[in-house]
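> Sequence isn't available, so here's the structure alone:
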């Protein structure tokens, strides 16, 4: 089953080329725990790095619905490659909140600069003349091995309290520890970034709340002014959507040798769950493209995306369990998808317990 509900223009030839190449290398990349350089290069050539880069820096300031479609297409062949495609796109979107001089430095090498993000404030920034002195370790930074820049989050003193900042750090100023030995999404290379007393000029820093609220500098594009929580769900769930569609294909190829009412029922239910998830994610992405960020949407969007992730997990779980022990072989694509989808759905942005609590409280008038 290929992706349904395509975008109006459909994916470009470069996107399809990247998707095909990622699929060819998916098994080996999973075992190697990283994407090969040629797949990373293909993702850049397909335009993922520049998708959200402001137009004045040579980017596209593209849309969320289009990105949902193209990332899901890559995810049909390799969930990890799709994850790198989406997180590099999303990190560049965050870069649009830096001061103008910081943006100029970030994209001085062009709009295809690869930017990744370390979102948890596990480091510390100390004020020094002209900027900050940054120290810390950030685990789980997807794509950090081949990134040109990383936006890292750190706590900094603010009077008697602390505040969270994002600081843009070039690759030359940090080192990477090989710590990613995960059950799923193995090829994302989500290793640990380490910074030791790194100087970061003030123009390469921005309060975390500015990124959370979409306070872009020098751009009024909807993709830059969107609140992070209202749009992060489709970006993080898109790889799982593509992977779930791949699971249907893998399962159908196996079941075609023994068709019957039971198999048909499993397939129909799984396909319905997947396309129901696609509709939820598309609604959120389209609403973001239209700039509809009312208070209801700020909690509904995360709820819808988390619910979509649950549907995708349920569909893949049903397919995997019904496929029998043969699908558990190391070289079987279905077991890799099963691991990857569970891993994606565990992301904080896709947890229904937290997203549902916030939206439920709003519905009841208690939030």
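The structure has been received and is ready for your questions. These figures come from a predicted structure and were not determined experimentally. Numbering: from 1, shown residues only.
> who's in contact with residue 21?
38-39, 42 (CB atoms under 8 Å, 6 or more residues apart in numbering). (Each C-beta comes from the backbone N, C-alpha and C, glycine too.)
> Next: residue 316.
Residue 316 makes contact with 243-244, 247, 270, 337-338, 341-342, according to CB under 8 Å, 6+ apart.
> Which positions within stretch 38-50 qualify as buried?
39-40, 42-44, 46-50 (16 or more other CB atoms under 10 Å).
> So which of those residues belong to helices?
In this view, the buried residues of stretch 38-50 that belong to helices under DSSP state H are 39-40, 42-44.
> got these as a markdown table, with pLDDT and distance to residue 75 columns?
Putting these into a markdown table (pLDDT from 0 to 100; distance: CB to CB, whole Å) gives the following:
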| residue | pLDDT | distance to residue 75 |
| --- | --- | --- |
| 39 | 98 | 13 |
| 40 | 98 | 16 |
| 42 | 98 | 14 |
| 43 | 98 | 12 |
| 44 | 97 | 17 |
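> Of those residues, which is the nearest to residue 275?
Checking these against residue 275 with CB to CB, the nearest one is residue 43 at 25.7 Å.
> how near is the closest one to residue 86?
Remark: distance between residue 43 and residue 86 (CB to CB, to the nearest Å) = 10 Å.
> got any residues that touch both of those two?
With contacts taken as CB under 8 Å, 6+ apart, residue 43 and residue 86 have no neighbour in common.
> still on that earlier bit, in terms of distance to residue 282, which of the ones in helices among the buried residues of stretch 38-50 ranks first?
Lowest distance from residue 282 to those (CB to CB) belongs to residue 43, with 22.3 Å.
> shouldn't the closest one be in contact with residue 15?
No. In terms of CB atoms under 8 Å, residue 43 does not count as a neighbour of residue 15; the distance is 9.1 Å.
> if we can go back for a sec, ok, the buried residues of stretch 38-50 vs residue 235, which is closest?
residue 48 (11.0 Å).
> if I look at the closest one, how far off is residue 113?
Per CB to CB, residue 48 is found 12 Å from residue 113.
> Now list whatever residues contact both of residue 43 and residue 15.
residue 74.
> Check the ones in helices among the buried residues of stretch 38-50 against residue 237 and report the nearest one.
residue 43 (18.3 Å).
> Break down the stretch 201-350 of the chain into its strands, ranges please.
Ranges of strands within the stretch 201-350 of the chain are 205-207, based on DSSP state E, counting those that start in this stretch.
> which stretches of it have low pLDDT?
Filtered on pLDDT under 70, the stretch 201-350 of the chain yields the residue ranges 256-261.
> now the stretch 1-150 of the chain
Scanning the stretch 1-150 of the chain with the threshold set as pLDDT under 70 gives 1-11.
> quick one, strands of it?
So, for the stretch 1-150 of the chain - with DSSP E, counting those that start in this stretch - the strands run 115-128, 131-141, 149-158.
> which stretch among those comes nearest residue 324?
strand 131-141 (33.2 Å).
> Buried ones in the closest one, by neighbour count?
For strand 131-141, the neighbour count (16+ other CB under 10 Å) marks 131-132, 134, 136-141 as buried.
> Same list (the strands of the stretch 1-150 of the chain) but as JSON lines, adding distance to residue 21.
Shown next, in JSON lines, are the strands of the stretch 1-150 of the chain (distance: least, CB to CB, whole Å):
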{"stretch": "strand 115-128", "distance to residue 21": "20"}
{"stretch": "strand 131-141", "distance to residue 21": "24"}
{"stretch": "strand 149-158", "distance to residue 21": "24"}
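> and residue 188, which of those strands is closest to it?
Closest to residue 188 of the strands of the stretch 1-150 of the chain is strand 131-141 (CB to CB; 9.2 Å).
> Can you report how many residues neighbour residue 79?
31 (other CB atoms under 10 Å).
> same question, residue 323
By other CB under 10 Å, the residues close to residue 323 number 20.
> give the contact list for it.
So residue 323 contacts 251, 254-255, 334 (CB under 8 Å, 6+ apart).
> Tell me how far residue 71 lies from residue 43.
10 Å.
> what residues are shared contacts of those two?
residue 85.
> bridging residues for residue 128?
Residue 128 has these beta-bridge partners by DSSP bridges: residue 131.
> Can you check the pLDDT for residue 187?
Looking at residue 187, its pLDDT is 98.
> My read is that it contacts residue 80, right?
Yes. Using CB under 8 Å, residue 187 makes contact with residue 80 at a distance of 3.5 Å.
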